[in-house]
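Visitor: Sequence plus the predicted model coming up.
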Amino acid sequence: RQRGAGLEAIFIPVGGGGLIAGVAGYLKSIVPEIRIIGVEPFEADAMYQSLQAGMRVTLPQVGIFADGVAVRQVGERTFALCQKYVDEIVRVSNDEICAAIKDVFDETRSIMEPAGALALAGLKRMAATDSGQGGAWVAILSGANMNFDRLRFIAERAELGEAREALFAVTIPERPGAFRAFCAAIGQRVVTEFNYRLHRRDQAHIFVGVAIRDREDAHALLESLRTTGHEALDLSDDEMAKLHIRHMVGGHAAAAQNERIYRFEFPERPGALMEFLDQLGGHWNISLFHYRNNGVDLGRVLAGFEVPDTEMTQFESLLARLEYPHVAETANPAYQFFLDQGQH
C-alpha cells in the first residue's frame with residue numbers, strides 16, 4: 001500500500017533469519033528496487049558470516065546482550081532466501097544498540113529491548129556514511145521485552161554509542177593546581193567523569209569523560225590535549241576500560257601524606273566542576289578525585305587533599321567558606337579499608 005511513498009531501504013534485525021527472509025521475499029516481489037538490509041550485533045553475526053562464506057556458519061559462541069537475535073547458526077531455508085533477496089548485512093556494537101534504545105525512548109517514551117532496537121542502530125550506522133538516494137529508510141522495531149537490570153548498563157553506554165561522550169587517559173604533573181590547569185585545557189566542554197588516585201609524586205594518571213559533538217570532535221580534543229603538553233590516550237573504543245577500568249581507578253596510596261577525605265555536592269550545571277576547583281584555590285595537592293555526571297540536579301565528588309596537621313585550621317576555614325555542602329570521610333571504614341595510605 002505504500003509503494004508510492006518513496007521507500008528506498010528497510011532495516012531488519014537478524015537472528016535465525018525468519019523475519020528478514022519473510023519481509024525480503026514479500027517486498028522484493030512487489031518493490032524489486034527496495035534495498036533489504038539486515039542488522040546483527042558484532043558478537044552474534046551468524047548471517048553475516050554465512051553470507052560471506054556462501055554456506056551456513058556455526059559460531060563457536062555468541063554474545064547475549066541482544067538475546068533476541070543471539071543464535072549460533074541461521075536456518076537452512078531462511079539462509080537460502082537471504083542469499084537471494086538480502087542486499088547487505090550491517091553489524092553494530094552494543095554501544096550503538098544502547099544509543100538506539102535511547103533514541104526510541106527520547107522520541108516515543110517506549111523502551112525497546114536490545115534486539116528490538118537493533119535495526120535502528122544499523123540504520124544510524126549506515127546513515128553516517130551513506131546518504132542514500134533520497135527515499136525513505138524504514139527500521140523495524142521488533143521487541144520491547146526489556147530486563148530492568150539492563151537499564152543501568154544501557155544508560156551508561158548510550159552516550160558513547162551515539163558519540164556524545166569520549167573517554168581519555170591523561171597524564172598530568174603531580175602538583176597543586178594541575179587539576180585546574182587540565183580543566184582549563186579542556187575548555188568549556190562538559191566533564192562527564194573524572195577519576196584519579198595519587199600513585200607517584202611526579203605525575204598523575206586521570207581517567208576522564210568529556211561530552212563531545214561527534215568522533216571528529218573527540219579527535220580534535222585529543223590533539224588539543226597533546227598540543228598543551230598532556231600525554232593523552234582515547235579509550236572510547238576500549239571495552240576493558242569502559243567495562244572495568246573506569247570503576248577501578250583507586251586503591252591504596254602509600255605516597256599520600258596527611259590525606260583528608262571529603263564528600264561534596266554542588267549544583268550540576270555547565271562549568272560547575274571548574275567553579276568547584278577554583279574555590280578550592282589550588283593550595284593543597286589533590287590526592288584522590290572521583291566524579292560522575294549522573295544526569296541529576298546535584299553533582300557529587302569524593303576528593304582527597306594532602307593537608308599537614310599545621311594547616312588544618314586554614315583548610316577547614318576554606319571549607320567553611322565554600323558554597324558546597326561537604327562531609328568529612330577520613331574516618332569512614334570503607335575509605336580506610338580500600339583507599340587510605342596503606343596504614344590499615
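Guide: Now that the structure is in, tell me what you want to look at. Everything quoted here is computed from the prediction, not taken from an experiment.

Visitor: helices or strands up against the helix or strand harbouring residue 302?
Guide: Per DSSP states H and E: residue 302 is located in strand 298-306. Strand 298-306 makes packing contacts with strand 259-267, helix 272-280, strand 286-292 when contacts are defined by 3 or more Cβ pairs under 8 Å, 6 or more residues apart in numbering; DSSP states H and E. Glycine gets a C-beta too; all of them are placed from N, C-alpha and C.

Visitor: Any idea which of the ones you listed gets closest to residue 235?
Guide: Smallest distance to residue 235 across these (Cβ to Cβ): 15.2 Å, for strand 286-292.

Visitor: quick one: contacts of that closest one?
Guide: 176, 179, 191-198, 209, 249-250, 253, 256, 259, 261, 273, 280, 299-306, 339 (Cβ atoms under 8 Å, 6 or more residues apart in numbering).

Visitor: okay, the helices and strands packed on strand 298-306, which one's buried deepest?
Guide: Of all the helices and strands packed on strand 298-306, strand 286-292 has the most neighbours on average by mean count of other Cβ atoms under 10 Å, namely a mean of 22.

Visitor: Please state the offset of that strand from the chain centre?
Guide: 20 Å (Cα atoms, centre = their mean, to the nearest Å).

Visitor: Could you export that strand as PDB, CA atoms only?
Guide: In PDB, the C-alpha atoms belonging to strand 286-292 read as follows (Å, rounded to 0.1, in the frame of the first residue of the first chain):
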ATOM      1  CA  ILE A 286      44.500  16.700  45.400                       C
ATOM      2  CA  SER A 287      45.400  13.000  46.000                       C
ATOM      3  CA  LEU A 288      42.000  11.500  45.100                       C
ATOM      4  CA  PHE A 289      39.200  12.700  42.900                       C
ATOM      5  CA  HIS A 290      36.000  10.900  41.800                       C
ATOM      6  CA  TYR A 291      33.200  12.400  39.900                       C
ATOM      7  CA  ARG A 292      30.500  11.100  37.500                       C
END
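
Visitor: The longest helix along the chain packs against which elements?
Guide: For the chain, the helix reaching the highest residue count under DSSP state H is reported as helix 94-108. On a contact count with 3+ Cβ pairs under 8 Å, 6+ apart, helix 94-108 meets helix 118-127, helix 151-161.

Visitor: Check the average confidence over the shortest one, would you?
Guide: Here helix 118-127 scores 96 as its mean pLDDT.

Visitor: List the contacts of that helix.
Guide: Here helix 118-127 makes contact (Cβ under 8 Å, 6+ apart) with 11-13, 37-41, 66, 69, 90-92, 96-97, 99-100, 103-104, 112, 137, 139-142, 161-162.

Visitor: Alpha carbons only: can I get it in CSV?
Guide: Below are the C-alpha coordinates for helix 118-127, written out as CSV (Å, rounded to 0.1, in the frame of the first residue of the first chain):
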residue,chain,number,x,y,z
LEU,A,118,18.9,-3.4,16.5
ALA,A,119,17.5,-2.2,13.1
LEU,A,120,17.6,1.4,14.1
ALA,A,121,21.2,1.0,15.3
GLY,A,122,22.1,-0.3,11.8
LEU,A,123,20.2,2.5,10.1
LYS,A,124,22.2,5.1,12.0
ARG,A,125,25.5,3.4,11.3
MET,A,126,24.8,3.3,7.6
ALA,A,127,23.4,6.9,7.5
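
Visitor: Output the contacting helices and strands for the next helix or strand after it.
Guide: Next helix or strand after helix 118-127 toward the C-terminus (DSSP H and E): strand 136-139. Contacts defined by 3+ Cβ pairs under 8 Å, 6+ apart place strand 136-139 against strand 7-13, helix 118-127.
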